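Q: Sequence first, then the predicted structure:
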Amino acid sequence: MNYLTEKVVALSGGNTTVDAQTAEKGGSTTQVKLLEAGGEPRKALRFRPKAGDKQNLEMTTKMNMEMKVGEMEPPSMKMPVIKLLMALTVNSITADGDIAYTSLISDVAISDDTDVMPQVADAIKAAFAGIKGMSGTGVMSNRAINKHSDFKLPPEANPQTKQMIEQMKDSLANISSPLPDEAVGPGAKWEVKRPIKAQGMTMQQTATYELVSVEGDRLNVRIKINQSAGKQKVENPTMPGLQIDLEKMSGTGAGHITLDLSHVLPRRER
């Protein structure tokens, strides 16, 4: 269940960063660094949606889970298909380009699959039961830098749902992919580093973005992600009283995103 939560959070786009100036005011300590400017023509990339712009985001999660503990390798576990729908509305744009928006998780659907263990399907359905209807507000810069966000947590949510929502709050606050401050062209690369907390564990995440192509306002971006954690004691809020001594952890991921600068949310992620 915890692993699935992490995957859903990753799909929702939790890699956006903030400037050093924001960090000095108590925000995130994430850092953005331009690695390569890319070829000509180059330009500064900025989101420029219009007030009243509406988008619907659909996230579909399909996966199997495999684990290995020492020499033990339990059989792989199939997960049900999860489809999450989120609606976003741009409320206003300031003269500096800051974008104020509202978001709403309008629907969550869990498939009924005979190949999925009933107890697994029931646990996932219970965890997602309190997600539908969650709403929030936020402000981001025209570089997709989160400046303010607020989400409502349903008071009747169970511990699993509360933990999932708490993690999604941070991820949904960073609703789009960050853009570098400098002018860039095809082939440009920039790096985003930030600490993230999940399942009671503190990790360091480094995401490398590569601008594959630019077609008007449409950007095709390739992403590589590396996560690592050092030795620490881990206490998971869903398992009170249980403490784990973590020696080390590492993980990698990769994907593609299609961005449209005239809209906030990505056109496509995979």
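A: Ah, there it is.
Q: in what helix or strand does Ile124 lie?
A: Taking DSSP states H and E as the definition, Ile124 sits inside helix 118-128.
Q: just checking, what packs against that helix?
A: If you count contacts as 3 or more C-beta pairs under 8 Å, 6 or more residues apart in numbering; DSSP states H and E, helix 118-128 packs onto strand 99-110, helix 159-173. In short, each C-beta sits where N, CA and C put it, glycine included.
Q: and it, how far out from the chain's middle?
A: Between the centre of helix 118-128 and the centre of its chain there are 22 Å (C-alpha atoms, centre = their mean, to the nearest Å).
Q: Could you tell me the least trusted of the helices and strands packed on helix 118-128?
A: With a mean of 63, helix 159-173 has the lowest mean pLDDT of these.
Q: Need phi/psi at the residue nearest to Lys197 when sequence neighbours are not counted.
A: In this structure, Lys197 finds its nearest non-sequential neighbour in Met203, 7.6 Å apart by C-beta to C-beta, 6 or more residues apart in numbering. Per-residue torsions, Met203: phi -130, psi 160 (degrees, to the nearest 10).
Q: How about the contacts made by Met203?
A: Listed by C-beta atoms under 8 Å, 6 or more residues apart in numbering, the contact partners of Met203 are Pro195, Ile196, Lys197, Gln227, Ser228, Ala229, Met249.
Q: and of these, the nearest to Ser176?
A: Ile196 (17.1 Å; C-beta to C-beta).
Q: Counting neighbours, what do you get for the closest one?
A: 20 (other C-beta atoms under 10 Å).
Q: doesn't Gln205 make contact with it?
A: Yes: in this structure Ile196 lies within contact range of Gln205 using C-beta atoms under 8 Å: 5.2 Å.
Q: shared neighbours, these two?
A: With C-beta under 8 Å, 6+ apart, Ile196 and Gln205 have common neighbours Gln227.
Q: dump the residue contacts of Ile110.
A: Pro80, Val81, Ile82, Ala121, Ile124, Lys125, Phe128.
Q: For those residues, which PyMOL command selects only the ones that are buried?
A: Only the buried entries of the contacts of Ile110 go into this PyMOL selection, using 16 or more other C-beta atoms under 10 Å:
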select buried, resi 80+82+121+124+128
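Q: Point out where the chain drops to low pLDDT.
A: 1-30, 65, 67-69, 153-174, 198-200, 236-242, 269-270 (pLDDT under 70).
Q: repeat that with 50
A: 1-5, 7-28 (pLDDT under 50).
Q: can you give me the helices in it?
A: Using DSSP state H, the helices of the chain run over 2-11, 20-24, 118-128, 159-173.
Q: quick revisit: which one of the contacts of Ile110 is nearest to Arg48?
A: Ile82 (32.4 Å).
Q: Tell me if I'm right that that closest one and Glu58 touch.
A: No: contact between Ile82 and Glu58 fails when scored by C-beta under 8 Å: they sit 11.2 Å apart.
Q: who touches both of the two?
A: Taking C-beta under 8 Å, 6+ apart as the criterion, Ile82 and Glu58 do not both touch any residue.
Q: returning to what we had before: in ChimeraX, select just the buried ones from the contacts of Met203.
A: Selection of buried members from the contacts of Met203 for ChimeraX, criterion 16+ other C-beta under 10 Å:
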select :196,227,229
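Q: which of the contacts of Met203 lies closest to Gly38?
A: Gln227 (25.9 Å).
Q: Val212: neighbour count?
A: Val212 has 15 nearby residues by other C-beta under 10 Å.
Q: what do you get for Leu57?
A: Leu57, neighbours per other C-beta under 10 Å, totals 21.
Q: do you know how far it is from Ala207?
A: Leu57 sits 19 Å away from Ala207, going by C-beta to C-beta, to the nearest Å.
Q: With Arg194 instead?
A: 8 Å.
Q: before we move on, what about Arg222?
A: For Arg222 relative to Ala207 (C-beta to C-beta), the value is 11 Å.
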